[in-house]
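> I'll drop the sequence and a predicted model, then ask my questions.
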Amino acid sequence: MLSNILSQPICVFHVGEFGKIAQDYLINIKSQFFDLTPDMYLLRQKQLEFLIENGQQKSNKTRMDDNCEFFSNYFAGDLDASCLNHLLNELDNKQLSAYKAIKPSRQRSIADFKLFCTPSEIQIERITKSGFQQQHALISSATKQRDWRICERHFTQADDLFVSEGLYHIIRGVANKILKCNPDIMSFDLAVHFTHITSTIDAISSNSPEGIHQDGMDYIVSALVVNRENALGSKSIIYGKDKTTPLLETTLMPGFGILQPDKDTDLWHCVEPIVPENTTVTACRSTIGFDFAISN
Ligand SMILES: [Fe+2]
C-alpha cells in the first residue's frame, strides 16, 4: 500500500495498536451510533444549496451574494423553515418534490478535551465548549460558493457511553504518533466527532459534503471507522498541493483510521460517498474523527 512508503505523520493505523481495550471499545460502541442526533446543519445546508442551484435559474433573489446573512441565519437554526417559503414558491413541482426528498443523512455528537503532554504521560481532561467552529477550514471546489463549516455549530454533546477508557487509549495512541514527529508539543485542544451517515440508492451521501478540503486543524484523524453496513465506496483520498493528484487512496475498514497534518500544509482530503451494496437496503458508515489543535 502507498501509505507504507509515505513518511510520518501521514499514517494509516489500526486501533489494535492501542491495545485490546481500544479494540473492544469500537466493537462495543458501534450500536450506539444508530441513536446519535441528526445533523440538522447538514440538512439545512443541503436545502440551501438546492435552493441556490435551482432558484438561481429563475430569479436573482436566491443568489448567494444577496442572501448571505439570511442563509447564514437559517443554517445556524436561528430562523425556522417557514422563512424559505418565498423561495420554495419559485420552484416547479418537480423541483419541489426533489426539495422535499432531502432528508437528514448524518447523525453526530461531539466531545471536547484538553490534552497535557509530558515525556512520561498524556493527561486528558474532558471540557465543554460553547460551539464548534472551523475558522481555518478551506475548500478547493470551484463549484462550491460557500464553506458552511466556517459558521459556528452547536452539536449534541457525546453521551458518557462514548467517552470511556477505550476512547482515552485511542486518543493517547494517536497523540503519541503526533508527539513522535513533534516532541515539543505540550498541550492540545481536541474535538472528537462521532458520526453516522446513511445512504439509500435515491439519496447517496458522504461524510465530506464540502468536497476536497482542509479542516483547518493542525492534525486530524479524518476517520477512524467503527462500522460499515451494506456500504460500498467511501474511499478516503489525500491529495497534494494541486488538489488533483492523489498521494494516498484507501478504503478504510472497521478498526482502521488515517492520521495526517492538515492546517497550513499542502495536503487536501476528501472521502467518497457510500453506496448501498444491496440497493433495497440503507447503507451506513460510522466513524470517529479527531481534530487536534496544538495549544502550547
Ligand atoms: Fe475533513
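Nice, thanks for sending it over.
> list the contacts of the closest residue to the ion within the chain.
As assessed by Cβ to the ion, the ion sits closest to Asp215 within the chain, at 4.3 Å. Backbone N, C-alpha and C define where each C-beta goes, glycine included. If a contact means Cβ atoms under 8 Å, 6 or more residues apart in numbering, then Asp215 has Gln134, Ala137, Arg149, Ser222, Asp262, Lys263, Asp291 as its contacts.
> from Gln260, how far out is the spatially closest residue to Cys181 that is not a sequence neighbour?
Take Cys181 and drop its neighbours on the chain: the residue closest to it by Cβ to Cβ, 6 or more residues apart in numbering is Pro9, 4.7 Å away. Using Cβ to Cβ, to the nearest Å, one obtains 7 Å as the distance from Pro9 to Gln260.
> which stretches of this protein form helices?
Using DSSP state H, the helices assigned to the chain run over residues 20-29, 40-55, 68-76, 85-88, 93-100, 165-181.
> next one: phi and psi at the residue sitting nearest the centre point of the chain?
With distances taken as Cα atoms, centre = their mean, the residue of the chain nearest its centroid is Asn207 (5.4 Å). Asn207 has phi and psi values of phi -90, psi 0 when expressed as degrees, to the nearest 10.
> re the thing from before, which ones among the contacts of Asp215 also lie next to the ion?
Checking these against the ion by Cβ under 5 Å from the ion, the ones in range are Ser222.
> redo the contacts of Asp215 as a markdown table? Include pLDDT and neighbour count.
As requested, those are arranged in a markdown table below (pLDDT from 0 to 100; neighbours: other Cβ atoms under 10 Å):
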| residue | pLDDT | neighbour count |
| --- | --- | --- |
| Gln134 | 83 | 22 |
| Ala137 | 81 | 18 |
| Arg149 | 81 | 22 |
| Ser222 | 97 | 24 |
| Asp262 | 94 | 24 |
| Lys263 | 93 | 19 |
| Asp291 | 97 | 24 |
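> would you turn the contacts of Asp215 into a markdown table with distance to Ala203?
As requested, the contacts of Asp215 are arranged in a markdown table below (distance: Cβ to Cβ, whole Å):
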| residue | distance to Ala203 |
| --- | --- |
| Gln134 | 25 |
| Ala137 | 25 |
| Arg149 | 21 |
| Ser222 | 23 |
| Asp262 | 29 |
| Lys263 | 32 |
| Asp291 | 27 |
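> how many neighbours does the nearest residue to Asp112 once chain neighbours are set aside have?
Residue nearest to Asp112 in three dimensions, not counting chain neighbours: Lys129, with 4.7 Å by Cβ to Cβ, 6+ apart. Burial measure for Lys129: 14 neighbouring residues, criterion other Cβ atoms under 10 Å.
> Ala191 and Gly233: what is the separation?
Taken as Cβ to Cβ, the spacing of Ala191 relative to Gly233 amounts to 26 Å.
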